[in-house]
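> 3D model of this:
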Amino acid sequence: MGNKLLKRLDWYIIKKFLGTYVFAIALIISIAVVFDFNEKMDKFMTNEAPWRAILFDYYMNFIPYFANLFSPLFVFIAVIFFTSKLTENSEIIAMFSTGMSFKRLMRPYMISAAIIAIITFGLSSYIIPKGSVVRLNFEDKYYKKRKATSVRNVQLEVDSGVIAYIERYEDYNKTGFRFSLDKFVNKKLISHLTARSITYDTTAVNRWIIKDYMIRELNGLKEKITKGAEIDSTIMMEPSDFLITRNQEEILTSPQLSKYIDRQRKRGFANIKEFEIEYHRRIAMSFASFILATIGLSLSSRKTKGGMGLYLGIGLGLSFSYILFQTISSTFAINGNVPPIIAVWMPNLLYTIIAIYLYIKAPK
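The predicted model follows:
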């Protein structure tokens, strides 16, 4: 009979947890949509954005993106809100008086956190990126241009032992200036091509038109120099390889991100930190559900004079600081020398220590 009661209690807590989580999302997202529309309405109207596109292309993809981004905040609010109510009604005390341990009480919370973690990971890794393509294209057309039109100092390995360099690339005419192509065999330079400009031929894949070029072919002490006005060449690179647009990492699914990072790393392209951060962040944010649920339960299971308001304030402070810490640590990775995986997991490590401390101090 006791075992059956505990199972019923598990379902009761899981339903309360997930129900409050969904309610918190609906409430905060409604406010966020109102503020976002109020801020962007003038631009939408000026650029004559159709209402159908605003609703379906933008907001139908904005809502899951925003909800997923602030999922840790919603977990915190959900746990603290309904657990504080249980505590105020002395339901937590009644559970402990039956001999239930705090560890046993955590079981339904961890099951709920696991459900949220799986959904969060699935959304951020596979579903939201596809919706972000539509959302960001809408923003690009009706709100703010995000596409990069030029890039400087491009260097990448286009083939085994073949290094390409472009000093400046302009996308409007698909042309790069001060181009060089070096070929190495056993780390020895055997060919060095320099050109005034290089233009991408959009009618063929990896076809480039090289203008005002000079090729130096090196064979021991012998050197052969070839000059010309124009030559067509197949070079294994495209403008999309180095012309990275703002928020481009958001439109790639996790498997696509992994392939992109590996490909660019092999080619010696350094500007991939945003992509590495996004890849690791999706995993780290999923684990945050367990950490923040533990902190929320440990805080709100103790009955105090402050009641729910006090715990809600502490919970909001902690959850906002977690999201802020995620942003700051990611900035360190982009602008500093902190490896992306360490920068992304640093907030989880710190808050795991806080969770363990609060778990030890929680009423038993």
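> show the end-to-end separation of stretch 237-257, please.
End-to-end distance for stretch 237-257: 18 Å, by Cα to Cα, to the nearest Å.
> other residues contacting it?
If you take Cβ atoms under 8 Å, 6 or more residues apart in numbering as the criterion, stretch 237-257 is touched by 65, 124-126, 128-130, 132-133, 136, 146-148, 151, 154, 156, 158, 164, 166, 169, 171, 174, 200, 205-206, 260, 264, 267, 269, 271, 274-275, 277-279, 282. From N, CA and C alone the C-beta is placed, and that goes for glycine too.
> elements contacting the top helix by length along the chain?
Longest among the helix segments of the chain by residue count, using DSSP state H, is helix 2-46. Applying 3 or more Cβ pairs under 8 Å, 6 or more residues apart in numbering; DSSP states H and E, we find helix 2-46 packed against helix 60-69, helix 71-88, helix 102-122.
> make JSON lines from those helices and add mean neighbour count to it.
Shown next, in JSON lines, are those (neighbours: other Cβ atoms under 10 Å):
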{"stretch": "helix 60-69", "mean neighbour count": "18"}
{"stretch": "helix 71-88", "mean neighbour count": "24"}
{"stretch": "helix 102-122", "mean neighbour count": "18"}
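> those helices: lowest mean pLDDT?
Looking at the helices and strands packed on helix 2-46, the lowest mean pLDDT belongs to helix 71-88 (a mean of 86).
> how many degrees apart are that helix and helix 2-46 in direction?
Interaxial angle of helix 71-88 relative to helix 2-46 (axes from the mean of the first three to the mean of the last three Cα atoms, to 10 degrees): 140 degrees.
> one step back: Ala24: which of the helices and strands packed on helix 2-46 is closest?
helix 71-88 (4.6 Å; Cβ to Cβ).
> helices or strands up against the closest one?
Secondary elements touching helix 71-88 (3+ Cβ pairs under 8 Å, 6+ apart): helix 2-46, helix 91-97, helix 102-122, helix 273-300, helix 307-335.
> in the last one, what counts as buried?
The one in question is helix 307-335. In terms of neighbour count (16 or more other Cβ atoms under 10 Å), helix 307-335 has its buried residues at 308, 311-312, 314-315, 318-319, 322-323, 326, 329-330, 333.
> low-confidence regions, this protein specifically.
Per-residue confidence for the chain (pLDDT under 70) gives these ranges: 1-6, 146-148, 268-271, 303-308, 311, 364.
> next up, the contacts around the residue nearest to the spatial centre of it.
Residue closest to the average C-alpha location in the chain (Cα atoms, centre = their mean): Glu278, at 3.2 Å. By Cβ under 8 Å, 6+ apart, the contact set of Glu278 is 249-250, 252, 257.
> swap in Leu189?
Applying Cβ under 8 Å, 6+ apart to Leu189 gives the contacts 182-183, 218.
> all good on my end, thank you.
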